[in-house]
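Q: fold the following for me, if possible:
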Amino acid sequence: MAKSIDYGNLMHKAMRGLIQTVLNDVAANGLPGDHHFFITFDTKVEGVEMADWLRARYPGEMTVVMQHWFDDLEVTDDGFSITLNFGNNPERMTIPFDAMRTFVDPSVDFGLRFETHVNDDEEDEEDDGPEDDPTPPHQDAQIVRLDKFRKS
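A: Below you'll find the predicted structure:
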């Protein structure tokens with residue numbers, strides 16, 4: 001039995017499930033109305049697949065927009081694959097849900113932010129700099145109040 005409830009990981013799993021449900025609906029029915037998504041992801045996460053020229057241009061983080069033109073959206077339990085247009089150059093990408101940092105739908109003022117999670121074992125192995133330089137405590141998840149995104 002676990003020593004405590006890991007609310008941070010449970011929240012991340014629930015938020016990723018919400019995005020998976022939304023993307024599955026978009027794959028089946030297209031984007032409704034004015035909905036569009038800004039998705040920011042970490043390009044270094046294992047499983048991210050993208051063209052070499054895009055990875056060179058965005059070696060750490062990239063934001064893609066799903067709006068007017070996208071093709072072949074496929075959603076799995078682990079992430080999604082999509083073809084997007086970059087200057088009249090269609091490129092196929094695979095983005096694991098674990099790589100996502102933000103998901104925003106500005107048409108309805110909705111947004112989610114995923115904080116990076118470091119396992120306790122990994123934390124012990126990391127070199128955060130000199131020991132006299134304290135680092136802020138790690139937060140697993142950020143609670144987002146949806147009221148602040150609602151239009152008046």
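Q: what's the pLDDT at H68?
A: Per-residue confidence (pLDDT) for H68: 84.
Q: contacting residues for it?
A: Going by Cβ atoms under 8 Å, 6 or more residues apart in numbering, H68 touches H36. The way it works is simple: take the backbone N, C-alpha and C, and place the C-beta from them, glycine included.
Q: ok, it to L84 distance?
A: 11 Å (Cβ to Cβ, to the nearest Å).
Q: kindly report the same for L10.
A: 31 Å.
Q: those two: who's more crowded?
A: Between L10 and L84, counting by other Cβ atoms under 10 Å, L84 is the more crowded of the two (20 against 12).
Q: longest single helix anywhere in this structure?
A: helix 7-29 (DSSP state H).
Q: what's in contact with the next helix or strand after it?
A: Counting by DSSP states H and E, the next helix or strand C-terminal to helix 7-29 is strand 37-42. If you take Cβ under 8 Å, 6+ apart as the criterion, strand 37-42 is touched by 48, 60-67, 95, 99-106, 116.
Q: just these: which are in strands?
A: 61-66, 95, 100-105 (DSSP state E).
Q: make a PyMOL selection of the buried ones in those.
A: Burial among those is assessed by 16 or more other Cβ atoms under 10 Å; the matching PyMOL selection reads:
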select buried, resi 62+64+66+95+100+101+103+104+105
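Q: which strand residues bridge I39?
A: V64, F103 (DSSP bridges).
Q: now do it, the pLDDT please.
A: 94.
Q: and the gap between it and S4?
A: 31 Å.
Q: when the two are compared, which one has more neighbours?
A: It is I39, of I39 and S4, that has more neighbours when counted by other Cβ under 10 Å, with 21 against 5.
Q: quick check: that one vs Y7, distance?
A: 24 Å.
Q: what does D105 give?
A: Distance from D105 to Y7, by Cβ to Cβ: 25 Å.
Q: likewise for R57?
A: 37 Å.
Q: show me the contacts for the spatially most central residue of the chain.
A: Centroid-nearest residue in the chain: M100, 1.7 Å away (criterion: Cα atoms, centre = their mean). M100 sits next to R16, I19, I39, T40, F41, F114 when contact means Cβ under 8 Å, 6+ apart.
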